Structures are given as C-alpha cells and as structure tokens.
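A.B. asks: this one's sequence-less:
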C-alpha cells in the first residue's frame, strides 16, 4: 500500500483557474516537502514543512501556497494557473534526525491549457 | 544556477556491465549527499546516502564521496535491465530543510 498518497494523479486545468493538490503521508514522518518536476527544471525544491511549520521556501511566486491542516497532511494550492505551471508535482516526507532520506509519492501530473 | 551538476546526461551499458555516474556540487555548504532512482511514471526512490568521505557499498551499488572536491559518484556493478531509470544526485547543507537535486542521468542497460 502506498505510504504517501497524492491526489489527484492527473488533472487538466484552465489558465487562470485554481487547483489544490492533496498529500497525506502515513510513514509517521515529521517533515514534508513539495517538489516540481518538468522537462525544463527537473525535481525543483519548492517547500519544506516540519510539525506544520514552514522550514524553507524556494518558490518565488506567491501563487503557490502550502496548507497543512494536520501534521501528516501538506496540500499545495496553486492560484491563477499558467501553462508554465504544467508539471508533475511530488510530495515527499522524511524523519528529521535519522538520515533524513526523502520518501516520495507517485506525483500529481498537472496540465494547464 | 544549478547547485548540483550530474554527468553524463545519459549512459548505456550492457547487461552485467559497470555503470558509473558522477555528481559535483557548487555549494561548499553541502555536507549530505544521496542517490535516488526514478523509473518512468513513478516517484523517485532513495538508493543510498553518503555523508562521510570514502566509499559506501550497498549490494551492487557503491557510492564514493570526496568532500574536498565536492564530488560524489555512484557505481553500479553487474547492471540489470531493471536498473534502467533516471538517477538523481541530491545534496543538502542541513540534512533536513531542503534537498537540491541534479538534472539526472538516464541509464539504459542493454540486454
């Protein structure tokens, strides 16, 4: 069974609209992350959270907002979507302090038309 | 500027052969390194971590780290067709806040 659940797996959105990508992890980890993968910028770090608090933010645009309602949830809200936002978005988690290996979900593939 | 550079971009080796992948960091603050593998349509999965200078072996995989030159390599012996994938090097300065990935090396193992 997948330990990191991402929803939806695929979505098509219209330019200018808003979407939320869901991520839940059942590994008991205390840190969660979002990465974006596209042909132009493979595996680009976006955000990291620990205990529902922001650790690091490398996303220049405020259109990307992480939301953490529970410690094992880290959703990603994307507003005013642009075609350049088309990518696969990966959620990951790690246990800070024990080697910190990242465990990735299967990704949410977003296409903006 | 890409903080982690990988070479080669792509690599083909015969089944049973040795594959050698390279990674160099431009940030001297990076102290922690990982190798990840991604098969098509899946998320990346960690192969191994290396935090100290020298070699680290796990099965058919051997990683080598030289912190002075900020160079880390991955050697896969007895390569199998199932090893065909995209391999990423990742680096971090803190080991938990952020992890920076290279652009990857696409490995093809030819049966």
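C.D. replies: The structure has been received and is ready for your questions. Source: prediction; values computed, not measured.

A.B. asks: In contact with residue A:80: list those residues for me.
C.D. replies: The contact partners of residue A:80, by C-beta atoms under 8 Å, 6 or more residues apart in numbering or on different chains, come to A:16, A:18, A:63. From N, CA and C alone the C-beta is placed, and that goes for glycine too.

A.B. asks: neighbours around whichever residue of chain A sits closest to chain B, how many?
C.D. replies: Nearest residue of chain A to chain B (C-beta to the nearest C-beta) works out as residue A:104 at 3.4 Å. Applying other C-beta atoms under 10 Å in any protein chain shown, we find 22 residues neighbouring residue A:104.

A.B. asks: same thing with residue A:85?
C.D. replies: 20.

A.B. asks: I'd say it and residue A:109 touch.
C.D. replies: No. Shown here, residue A:85 and residue A:109 do not form a contact pair, counting by C-beta atoms under 8 Å, at 11.7 Å.

A.B. asks: State the number of residues packed around residue 66.
C.D. replies: By default, I'm working from chain A. 22.

A.B. asks: hm, I was asking about chain B
C.D. replies: Neighbours of residue B:66 using other C-beta under 10 Å come to 12.

A.B. asks: buried sites along stretch A:43-56?
C.D. replies: A:43-50, A:52, A:55-56 (16 or more other C-beta atoms under 10 Å in any protein chain shown).

A.B. asks: actually stretch A:36-43, sorry about that
C.D. replies: By neighbour count on 16+ other C-beta under 10 Å, the buried set for stretch A:36-43 is A:36-37, A:42-43.

A.B. asks: and the residue nearest to residue B:12 when sequence neighbours are not counted, backbone torsions?
C.D. replies: Using C-beta to C-beta, 6 or more residues apart in numbering or on different chains and skipping the chain neighbours, the partner closest in space to residue B:12 is residue B:108 (4.6 Å). Backbone torsions for residue B:108, taken as degrees, to the nearest 10, come to phi -120, psi 120.

A.B. asks: So for the residue nearest the centre of chain A, what's the nearest residue that isn't a sequence neighbour?
C.D. replies: Nearest to the mean C-alpha position of chain A, by C-alpha atoms, centre = their mean, lies residue A:34 at 3.2 Å. Distances taken as C-beta to C-beta, 6+ apart place residue A:46 nearest to residue A:34, at 4.3 Å, with adjacent residues excluded.
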